[in-house]
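Engineer: have a look; sequence and predicted model below, questions after that.
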Amino acid sequence: MKGGKLVIFSAPSGAGKATIVRHMLSCGLDFGFSISATTRKPRGTEQNGKDYYFLSNEEFQYKIIGGDFLEWEEIFPGCFYGTLKSEVDRICKNGQNMLFDVDVVGGSNIKKYYGDKALAIYIQPPSIHDPENRLITRSADCVEVIKSQVTKTEQELSSIDLFDVIILNDRLEDALREAEEKVSRFLEKR
């Protein structure tokens, strides 16, 4: 299989996207992983340059002005996430396929930019309340951030038709199997 194809996983926060992405990276599909940039503080054992590029607001703004982002978004006031163009270059130069773990707006923007070269997958939670419960259980964010993410989830559900594939993450084993099947089929296409 040749490299250079892009697979985008998007979901509302707390829908289980990161678990599915970690699984996909372990499937032997020759993926390079796009490390996102953010202005939020690291959670737990997250490391700069491995989990995210943790930037100050000033650094992030400088990169926006410089046109360094493929896509970026202010998720909530003062908290930015984005995909650096240098990440796409880094992975494609290695001849690998690229895997994105981005929010719904970012995923739809990357899909628009790359068209048929990209497969956009939306991980759908079983209910609107499921991501909220996962976020509370994860307890990595304060209540205000969780409320903001839940409101964003409600808005993001209206963007579902912008994606090529929708995977319901009701049972993790089924969602993992479906993700493997859809991605493998896409990567095998010439």
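Structural biologist: Happy to help now that I have it. Here the structure is a predicted model, which means the values were calculated and not measured. Numbering: from 1, shown residues only.

Engineer: who's in contact with the longest helix along the chain?
Structural biologist: Counting residues, the longest helix found in the chain (DSSP state H) is helix 172-188. The contact list for helix 172-188, computed with CB atoms under 8 Å, 6 or more residues apart in numbering, reads 1, 5, 7, 9, 16, 19-20, 23-24, 27, 29, 97, 119, 121, 123, 165, 167-169. Glycine gets a C-beta too; all of them are placed from N, C-alpha and C.

Engineer: and what of stretch 101-111?
Structural biologist: Contacts of stretch 101-111 (CB under 8 Å, 6+ apart): 6, 8-13, 17-18, 21, 33-34, 36, 70-73, 75, 81-83, 100, 118, 120, 122, 156, 159, 162-164.

Engineer: how about stretch 41-56?
Structural biologist: 35, 36, 37, 38, 39, 40, 63, 84, 140.

Engineer: need the max-distance pair from the residues you listed.
Structural biologist: Greatest spatial distance among the contacts of stretch 41-56 (CB to CB): 63 and 140, at 24.7 Å.

Engineer: and those two? which has more neighbours close in?
Structural biologist: residue 63 (20 against 12; other CB atoms under 10 Å).

Engineer: for the host helix or strand of the more buried one, packing partners?
Structural biologist: Using DSSP states H and E, residue 63 sits in helix 57-65. Other helices and strands packing on helix 57-65, by 3 or more CB pairs under 8 Å, 6 or more residues apart in numbering; DSSP states H and E, are strand 69-76, strand 79-84.

Engineer: can I get the shortest one in PDB, CA atoms only?
Structural biologist: Listed next in PDB are the C-alpha coordinates belonging to strand 79-84 (Å, rounded to 0.1, in the frame of the first residue of the first chain):
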ATOM      1  CA  CYS A  79      -8.500  27.600  24.100                       C
ATOM      2  CA  PHE A  80      -7.200  27.000  20.600                       C
ATOM      3  CA  TYR A  81      -6.600  23.700  18.700                       C
ATOM      4  CA  GLY A  82      -5.100  23.300  15.200                       C
ATOM      5  CA  THR A  83      -3.300  21.200  12.700                       C
ATOM      6  CA  LEU A  84       0.100  22.500  11.600                       C
END
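
Engineer: helices or strands next to it in the packing?
Structural biologist: strand 37-38, helix 57-65, strand 69-76, strand 97-102, helix 104-114.

Engineer: could you rerun that using 6 Å?
Structural biologist: On a contact count with 3 or more CB pairs under 6 Å, 6 or more residues apart in numbering; DSSP states H and E, strand 79-84 meets strand 37-38, strand 69-76.

Engineer: what would these look like in a markdown table with distance to residue 104 and mean neighbour count?
Structural biologist: Shown next, in a markdown table, are the helices and strands packed on strand 79-84 (distance: least, CB to CB, whole Å; neighbours: other CB atoms under 10 Å):
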| stretch | distance to residue 104 | mean neighbour count |
| --- | --- | --- |
| strand 37-38 | 16 | 20 |
| strand 69-76 | 10 | 18 |
